[in-house]
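Enquirer: need coordinates for the below:
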Amino acid sequence: VQLQASGGGLVQTGGSLRLSCEASGNTLDGYAVGWFRQVPGKEREGVSCIGSNGESTWYADSVKGRFVISRDNAKDTVYLQMNSLKPEDTAVYYCNAQILRGLKINDYWGQGTLVTVSS
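Expert: Next comes the predicted model:
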């Protein structure tokens, strides 16, 4: 499966952006999907993830109450609605899809999309 992340850009503190992670080449059915972010010189960190059925979600403490993850399986797309953005949210955001095949986890990464929050 190929993942295409989009929706990044430049926004002022307190603003909002919606990131999209669209799959092609295969459906996202059965995949858990997560968003990660990375700042140059730092490790990639998990931001949020959503289960394959859309009912289970997880958020990093730093984004709880501000970000909302959702998925539209009919469109093979996962979204990350980011509200009340802060300068420390500035990073390249990546989406990742994982599925368990037998005893092996297959995972796929999209290219990053840059989010810049100005103070």
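Enquirer: are we agreed that Gly65 is in a strand?
Expert: No. Read with DSSP: H, G, I helix; E, B strand; the rest coil, Gly65 is coil and lies in no strand.
Enquirer: how many neighbours does it have?
Expert: The local packing of Gly65 (other C-beta atoms under 10 Å) involves 9 other residues. The C-beta positions use only the backbone N, C-alpha and C, and glycine is treated the same way.
Enquirer: now the strands for this protein?
Expert: For the chain, strands defined by DSSP state E occupy the ranges 2-6, 9-12, 17-24, 32-38, 45-50, 57-59, 67-72, 77-82, 91-101, 104-109, 113-118.
Enquirer: pull the last one out as CSV, backbone CA atoms only.
Expert: To tie it back to what came earlier, the one meant is strand 113-118. Extracted as CSV, the C-alpha positions of strand 113-118 are listed here (Å, rounded to 0.1, in the frame of the first residue of the first chain):
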residue,chain,number,x,y,z
THR,A,113,4.1,16.8,5.1
LEU,A,114,5.6,19.9,6.8
VAL,A,115,3.6,21.8,9.4
THR,A,116,4.9,25.2,10.5
VAL,A,117,3.3,27.1,13.3
SER,A,118,4.4,30.7,13.6
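Enquirer: residues in contact with it?
Expert: 5-13, 15, 17, 19, 37, 82, 85-94 (C-beta atoms under 8 Å, 6 or more residues apart in numbering).
Enquirer: what bridges to the residue positioned nearest the centre of the chain?
Expert: In the chain, the centroid-proximal residue (C-alpha atoms, centre = their mean) is Trp35; its distance is 2.6 Å. With DSSP bridges as the criterion, Trp35 is bridged to Ser48, Cys95.
Enquirer: over to Asp72?
Expert: Here Asp72 sits in beta bridges with Thr77, as judged by DSSP bridges.
Enquirer: any idea of the mean pLDDT in stretch 75-87?
Expert: Average pLDDT, stretch 75-87: 97.
Enquirer: repeat that for stretch 36-46.
Expert: Stretch 36-46 comes out at a mean pLDDT of 97.
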